[in-house]
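**Q** have a look; sequence and predicted model below, questions after that.
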Amino acid sequence: MTKADRPPLALTMGEPAGIGPEITLKAWAARKDEALPAFFVVGAPALYHEEARRLGVELAFREIATPDEASRFFDAALPILPVSLDAAVQPGHLAPANARAVMQSIDMACDLALAGEAAGMVTNPIHKRALYEAGLKVPGHTEYLAERTGGATPVMMLSCPGLRVVPVTVHQPLASVATSLTIAMIEEKGIILAHALRRDLGIAQPRIAVAGLNPHAGEEGHIGREEIDVIIPALAAIRAAGAEVSGPLPPDTMFHAAARARYDAALCMYHDQALIPLKTIDFERGVNTTLGLPIVRTSPDHGTALDIAGRGLAHPGSLIEAIRLAAEIARNRAAS
Ligand SMILES: NC(=O)c1ccc[n+]([C@@H]2O[C@H](COP(=O)([O-])OP(=O)(O)OC[C@H]3O[C@@H](n4cnc5c(N)ncnc54)[C@H](O)[C@@H]3O)[C@@H](O)[C@H]2O)c1
Ligand SMILES: N[C@H](C(=O)O)[C@H](O)COP(=O)(O)O
């Protein structure tokens with residue numbers, strides 16, 4: 001399939017009062033300089049008109065009815081597949097009534113990706129608390145999309161140039177991490193990671209570094225036993241999936257530059273063990289990818305940034321990299 005034949009990517013609207021609309025406009029405005037693949041946004045047209053007015057830029061927009069129109073109009077105008085909002089948007093201020101439209105945008109993009117009409121979906125940030133209060137029953141996009149696309153175990157991977165990290169446990173209280181880690185969970189996420197590194201990212205012989213849970217990776221059981229009881233027993237299955245596996249490594253020394261060069265991805269035991277190094281090293285280009293789904297889904301690594309919404313200060317780099325990576329994964333899957 002040539003570049004022109006490939007379906008476009010679907011961007012979701014994300015939280016309308018956050019920086020999603022601004023970075024979407026900035027990504028589209030950078031499409032030529034950044035050589036971005038065609039995309040459209042599933043969102044409320046007035047939101048983008050208003051954002052362009054606030055930014056003081058003249059941009060062209062094109063409402064579309066089907067994704068295939070996006071590829072035709074993308075060079076000249078930002079294609080928008082419309083959804084309607086239920087409340088006025090004031091940047092930085094959440095309007096609970098708009099939760100329905102936020103979820104509708106995610107559902108439409110997901111269904112278009114499942115149907116093959118979009119090459120994949122790139123989600124703009126949602127405000128988790130706002131959606132929990134509106135009834136969302138899962139922690140975030142990762143689990144929601146897994147349910148909607150058939151119930152596979154989703155694996156959250158964040159990446160930036162030179163580092164990929166996967167947290168085994170994700171959005172749960174730190175106090176519950178040690179007791180909830182199981183051999184099966186580490187094996188399953190490690191195996192999905194190994195397959196994705198090969199199929200989605202084209203790394204023929206993936207190297208996975210596995211983090212310990214405790215300081216100094218437990219110091220042979222003197223500072224905690226999770227390495228001996230739960231992590232080490234999981235490593236054989238990840239090796240059997242074709243990965244070269246090292247670890248459990250002391251978490252404090254596995255992220256310096258020379259250590260990072262020795263692996264393709266780090267399998268970490270909890271959210272912040274994985275995300276702190278990633279977001280510290282390269283917050284402006286970090287990408288969140290959901291591995292293990294039948295569709296391609298990426299996202300910027302940052303949140304809604306309500307504190308700067310509507311002020312023209314948002315950096316589009318992470319969304320641009322998310323668009324680029326979604327296209328790369330879609331290409332690799334099509335070729336596999
Ligand atoms: N994939 C997602 O949908 C996703 C990811 C992370 C966080 N969130 C949600 O976002 C909300 C806010 O989270 P938070 O405050 O912890 O993190 P955040 O990423 O929204 O903001 C953290 C800091 O970084 C700044 N920042 C973030 N993105 C920026 C950008 N592109 N350009 C310039 N500055 C930027 C913000 O202004 C803020 O000072 C929460 O509800 C959280 O759950 C959603
Ligand atoms: N843990 C991610 C982060 O902090 O960047 C983010 O919350 C992911 O959420 P989704 O499941 O909505 O992608």
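**A** Now that the structure is in, tell me what you want to look at. Ligands and ions are numbered 1, 2, ... in the order given.
**Q** which of the residues in stretch 148-166 are buried?
**A** For stretch 148-166, burial by neighbour count (16 or more other CB atoms under 10 Å) applies to 149, 154, 155, 156, 157, 158, 159, 160, 163, 164, 165, 166. Every residue, glycine included, has its C-beta placed from N, CA and C.
**Q** all strands of the stretch 101-250 of the chain, in order?
**A** Secondary structure of the stretch 101-250 of the chain (DSSP state E, counting those that start in this stretch): strands at 121-122, 155-160, 163-167, 207-211, 244-249.
**Q** mind checking those for the one nearest to ligand 2?
**A** strand 155-160 (6.3 Å; CB to the nearest ligand atom).
**Q** how about the buried residues of stretch 148-166 in JSON lines, adding distance to ligand 1 and pLDDT?
**A** Shown next, in JSON lines, are the buried residues of stretch 148-166 (distance: CB to the nearest ligand atom, whole Å; pLDDT from 0 to 100):
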{"residue": "149", "distance to ligand 1": "17", "pLDDT": "97"}
{"residue": "154", "distance to ligand 1": "13", "pLDDT": "97"}
{"residue": "155", "distance to ligand 1": "15", "pLDDT": "98"}
{"residue": "156", "distance to ligand 1": "10", "pLDDT": "98"}
{"residue": "157", "distance to ligand 1": "13", "pLDDT": "98"}
{"residue": "158", "distance to ligand 1": "10", "pLDDT": "98"}
{"residue": "159", "distance to ligand 1": "14", "pLDDT": "98"}
{"residue": "160", "distance to ligand 1": "14", "pLDDT": "97"}
{"residue": "163", "distance to ligand 1": "17", "pLDDT": "98"}
{"residue": "164", "distance to ligand 1": "17", "pLDDT": "98"}
{"residue": "165", "distance to ligand 1": "14", "pLDDT": "98"}
{"residue": "166", "distance to ligand 1": "15", "pLDDT": "98"}
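**Q** spit out the contact partners of the residue in the chain positioned nearest to ligand 2.
**A** Ranking the residues of the chain by distance to ligand 2 (CB to the nearest ligand atom) places residue 140 first, at 2.7 Å. Residues near residue 140 by CB atoms under 8 Å, 6 or more residues apart in numbering: 126, 128, 171.
**Q** quick one on the thing from earlier: CSV for the strands of the stretch 101-250 of the chain, including distance to residue 38?
**A** Putting the strands of the stretch 101-250 of the chain into CSV (distance: least, CB to CB, whole Å) gives the following:
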stretch, distance to residue 38
strand 121-122, 12
strand 155-160, 23
strand 163-167, 26
strand 207-211, 34
strand 244-249, 37
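**Q** what about these, which gets the closest to residue 298?
**A** Of all the strands of the stretch 101-250 of the chain, it is strand 121-122 that lies closest to residue 298, at 5.3 Å by CB to CB.
**Q** what does that closest one contact?
**A** Here strand 121-122 has contacts from 9-12, 39, 106, 109-110, 112-113, 145, 295-299, 319, 322-323, 326, using CB under 8 Å, 6+ apart.
**Q** ok, and which of those residues reach ligand 1?
**A** Among these, proximity to ligand 1 is found for residue 299 (CB under 6 Å from any ligand atom).
**Q** against residue 124, how distant is the residue of the chain closest to ligand 2?
**A** 13 Å (CB to CB, to the nearest Å).
**Q** rewinding a little: mind checking which of the contacts of residue 140 are buried?
**A** 126, 128.
**Q** among the contacts of residue 140, which are in helices?
**A** residue 128 (DSSP state H).
**Q** would you turn the contacts of residue 140 into CSV with distance to ligand 2?
**A** Listed next are the contacts of residue 140 as CSV, based on distance: CB to the nearest ligand atom, whole Å:
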residue, distance to ligand 2
126, 6
128, 7
171, 6
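**Q** so which of the contacts of residue 140 comes closest to ligand 1?
**A** Using CB to the nearest ligand atom, those come closest to ligand 1 at residue 128, 3.5 Å.
**Q** I'm done for today, thanks for sticking with me.
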